[in-house]
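**Student:** the following comprises the amino acid sequence and a computationally predicted model.
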Amino acid sequence: MARITASVYTSHVPAIGAALDLGKTGEAYWQPLFKGYEFSKQWMKDNKPDVVFLVYNDHATAFSLDFIPTFAIGTAAEFQPADEGWGPRPVPVVKGHPELASHIAQSVIQQDFDLTIVNKMDVDHGLTVPLSLMCGQPEAWPVPVIPFAVNVVQYPVPSGQRCYNLGKAIRKAVESYDEDLKVHIWGTGGMSHQLQGPRAGFINKDFDNRFLDLLETDPEAAAAIPHIDYVREAGSEGIELVMWLIARGAMADAAGGPRPKVAHRFFHVPASNTAVGHLILEDH
Ligand SMILES: O=C(O)c1ccc(O)c(O)c1
């Protein structure tokens, strides 16, 4: 049986990818940020999964306003790093896991969550920056990745509660897969940031840290946060945090099991226009 063994939460700011790719990680501005992920890179080696199920949002790269899936699962054998205007990031191609992805699609759709099945797409900073933060700069990514794109760009976007419930369905799907696989589920995006309008540059450390607290100890309360609170308290792009609830809903306690163990927590402001939050939870 496949098992979800841990969840990882991290912001996916594109400038972090640029700092890595352009060799700027030692600069005073970036040093404290990358220091917060040193533990995580070692933890990733010590707790290497067989597959990462990576929840992120596409930033009008593979999708556009022409076509807006709420939840899209990548079932391809590989996904190319996208060209977001500066050429593709110089990172390895992302290898998928078509068998597990197809099984999860089958199981989750049968549990009444309608997923869009994507057999071909390029993946943008939403997916590659978390991989870089957790795995460094290897020749090849150490694990296959199932990309799972969520619409948090064009309203209506899914509620935190729906995302949390979807996480529970993903856990059931993984646990009904025959092969013995260790699976990590990662929720990415956030924390507070607003990239547009009069409040551009808005950051709310109090909200972010309360959210991290809730994620650790009371995920049901985090799931109950309505959209308007994210927009008001965490800025227009803070709504990306609903994606963290997909990963959180896949932990054992959401299904009545024990609370996960906090392996690592980190918070840093700013990275570009964004508050960076990071949490690693291990299932017992
Ligand atoms: O802080 C920023 O600059 C920034 C830009 C684009 C994003 O998708 C994001 O998450 C952050």
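**Tutor:** Perfect, I can see it now.

**Student:** how near is the most far-flung residue of the chain relative to its centre to the ligand?
**Tutor:** Distance from the C-alpha centroid of the chain, by CA atoms, centre = their mean, peaks at P198 (27.5 Å). Separation of P198 from the ligand (CB to the nearest ligand atom, to the nearest Å) stands at 17 Å. Where you see a C-beta, it was placed from the backbone N, CA and C, and this is true even at glycine.

**Student:** ok, that residue - contacts?
**Tutor:** Counting by CB atoms under 8 Å, 6 or more residues apart in numbering, P198 touches no other residue.

**Student:** any idea how far it lies from G235?
**Tutor:** Distance of P198 to G235, computed by CB to CB, to the nearest Å: 11 Å.

**Student:** again with P142
**Tutor:** Computed as CB to CB, the P142 to G235 distance reads 33 Å.

**Student:** and the pLDDT at the residue farthest from the centre of the chain?
**Tutor:** For P198, the pLDDT comes out at 96.

**Student:** before we move on, which element is it in?
**Tutor:** Using DSSP states H and E, P198 falls within no helix or strand.

**Student:** please renumber the chain so that the first residue is 253 from this point on.
**Tutor:** New numbering, starting at 253: the last item is P450.

**Student:** tell me the phi and psi of it?
**Tutor:** Dihedral angles phi and psi of P450 (degrees, to the nearest 10) take the values phi -60, psi -30.

**Student:** got it, and K424?
**Tutor:** phi -60, psi -40.

**Student:** what parts of the protein come near the ligand?
**Tutor:** The chain comes close to the ligand at residues 264-267, 311, 445, 447, 524-526, as judged by CB under 6 Å from any ligand atom.

**Student:** hey, where'd the strands end up in the stretch 303-452 of the chain?
**Tutor:** For the stretch 303-452 of the chain, the strands defined by DSSP state E, counting those that start in this stretch occupy 303-308, 323-326, 330-331, 346-347, 368-370, 397-402, 434-440.
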